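>>> Structure of the sequence below:
(one chain, ligands or ions: 1)
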Amino acid sequence: MQHSPRIVVIGAGAAGLNVAARIRRVAPQHAVTIIEPAEHHFYQPLWTFVGGGVFPRERSRRDMADVIPDGVRWVREAAGEFKPDENLVITHSGERLGYDALVVAPGIQINWRAIPGLKESLGTQGVCSNYSYDSVNSTWEQLEALRSGEAIFTFPTTPIKCAGAPLKIMFLAEDYLRRTGSRAAVNVRYRCGVGTIFRAPKYAQELVKIAAARAVDVRYKQDLVALRPDSREAVFRDTDSGNELVEKYTMIHVAPPMGPPDFIKQSPLADGAGWVEVDKHSLQHVRFPNVFSLGDASSLPTSKTAAAIRAQGPVLTANLLAVLRGQAPRARYLGYTSCPLVTGYGRLMLAEFDYDLQPCETFPFDQGKERRSMYLLKKYLMPTLYWQGLVRGRNWPWPIPEFGLPRA
Ligand code: UQ1
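Here you go, the predicted model:
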């Protein structure tokens, strides 16, 4: 190649930043451009704690300018259109960016308006959600004000980011009510749109027991379809029978439906469901060999977490650089993801698993139990590992567990 290879990265979330920083470090001759409209980057894993009153939300936010890696050009607007046959991305304002390789990592789209009554009442009238910076304070406000009644926590039928988060805030709320003496006067209800509490069976079994021991009323296949804020009623549809059921709430924490961003869905990069269609091991696009994707917008069939990015980032970077050199992409991702399941103030079960939902654990003890040490890890160590390690594209002082597994 005559010019230095041009790499365009869509999105400066955990995924885009990790890959951009890695490429700058291992292959500084490459010209890297990030397209990202947002002014701030959020450490979203903190929002469970913000909703639970542990940290102020400001701790989760940094200026985007401070996290874009040195030497990377930042185009501060949204990508609009993809022309992968011409190796071209066109931004919203019409800037045309050519590339030798493209990394697509714009994240997941939250579809607040898919539930009538939600957008209008969010943050007021007992309705809250940890799923945005704007609404996360409302969770703690509702919880602190709650003395009696019905507390409902929902989980949608769509894929979501951090599938453990709706459970974590339910468990924190339950613990809070217990500690403040209101637990007996509040019914805690968990309403899950899908048929299981958690995808990996090892941890699901334990979570079911914990919920039962704490008298949480758990129902499956109950999909929140509407809110009636004035009467504080939530409408659920049973996904088997189709029957609708109305439940009263004093407070309701909503995990909203999510899906691929519209501009991805409408692009030639998408699969039938709208996600960027990549090979699940190489992270290379199935039709356009110089296009790669990772993170929440990708078709990778694993749980959407920052921990997954930690394993996807190095694989994608190695394969992208190999393809630019004319070699085959040989690094493989086996689906590693992790979910620090907060089950109370001072308790956490650290789930780690792969594509087969098999445990793939870091520590030399059984992680299928709640532990104080794992809570302290999430509360005090994770933010540093995130800001210093993940977003800067640096590896951690210890290996990713799946890299020790036999490779197919
Ligand atoms: C992790 O790797 C990660 O991302 C960088 C997180 O997000 C902040 C996590 O919450 C967790 C739990 C992991 C996995 C961590 C260990 C210590 C095995």
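>>> From now on I want contacts and neighbour counts done on CA atoms only, so please keep to that.
Fine.
>>> got a list of what P268 touches?
82-84 (CA atoms under 8 Å, 6 or more residues apart in numbering).
>>> Could you let me know which of these ends up closest to A211?
Relative to A211, the closest of the contacts of P268 is F82; by CA to CA it sits at 45.7 Å.
>>> near the ligand, which residues of this structure show up?
For the chain, the contact set with the ligand under CA under 6 Å from any ligand atom comprises 45, 306-307, 310, 338-340, 362, 382, 386, 390.
>>> make it 5 Å
Contacts of the chain with the ligand, taken as CA under 5 Å from any ligand atom, map to 306-307, 340.
>>> Looking at neighbours, which among the residues you listed is most surrounded?
A306 (25 neighbours; other CA atoms under 10 Å).
>>> Quick check, it in contact with L17.
No - applying CA atoms under 8 Å as the test, A306 and L17 come out as separate, 11.6 Å apart.
>>> In strands, which of the contacts of P268 fall?
Those of these mapping onto strands are 82-83, per DSSP state E.
>>> could the contacts of P268 go into TSV alongside pLDDT?
Output for the contacts of P268, formatted as TSV (pLDDT from 0 to 100):
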residue	pLDDT
F82	98
K83	98
P84	98
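>>> Of the contacts of P268, grab the buried ones for PyMOL.
Buried residues among those (16 or more other CA atoms under 10 Å), as a PyMOL selection:
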select buried, resi 82+84
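>>> Closest to R73 out of the contacts of P268?
Ranked by distance to R73 (CA to CA), the contacts of P268 are led by F82 at 19.1 Å.
>>> Number of residues surrounding the residue in the stretch 151-300 of the chain that the ligand sits nearest to?
Here the stretch 151-300 of the chain gets closest to the ligand at one residue, C162, 9.6 Å apart by CA to the nearest ligand atom. A count of nearby residues for C162, using other CA under 10 Å, gives 20.
>>> Just want the phi and psi numbers for it.
For C162, the backbone dihedrals are phi 40, psi 80 (criterion: degrees, to the nearest 10).
>>> same question, I169
Torsion angles, degrees, to the nearest 10, at I169: phi -70, psi -30.
>>> got the contact list for it?
So I169 contacts 48, 51-52, 342 (CA under 8 Å, 6+ apart).
>>> Compute the first-to-last residue distance for stretch 117-132.
End-to-end distance of stretch 117-132 (CA to CA, to the nearest Å): 17 Å.
>>> Quick check: the nearest residue to A79 once chain neighbours are set aside vs P37, distance?
Nearest residue to A79 in three dimensions, chain neighbours excluded: T91, at 4.2 Å (CA to CA, 6 or more residues apart in numbering). Here T91 is placed at a distance of 10 Å from P37 (CA to CA).
>>> Now for the two: what residues contact both?
Shared contacts of T91 and P37, counting by CA under 8 Å, 6+ apart, come down to 77-78.
>>> if we can go back for a sec, so the residue nearest to A79 sits against G80, correct?
Yes - counting by CA under 8 Å, G80 is a contact partner of T91 at 4.7 Å.
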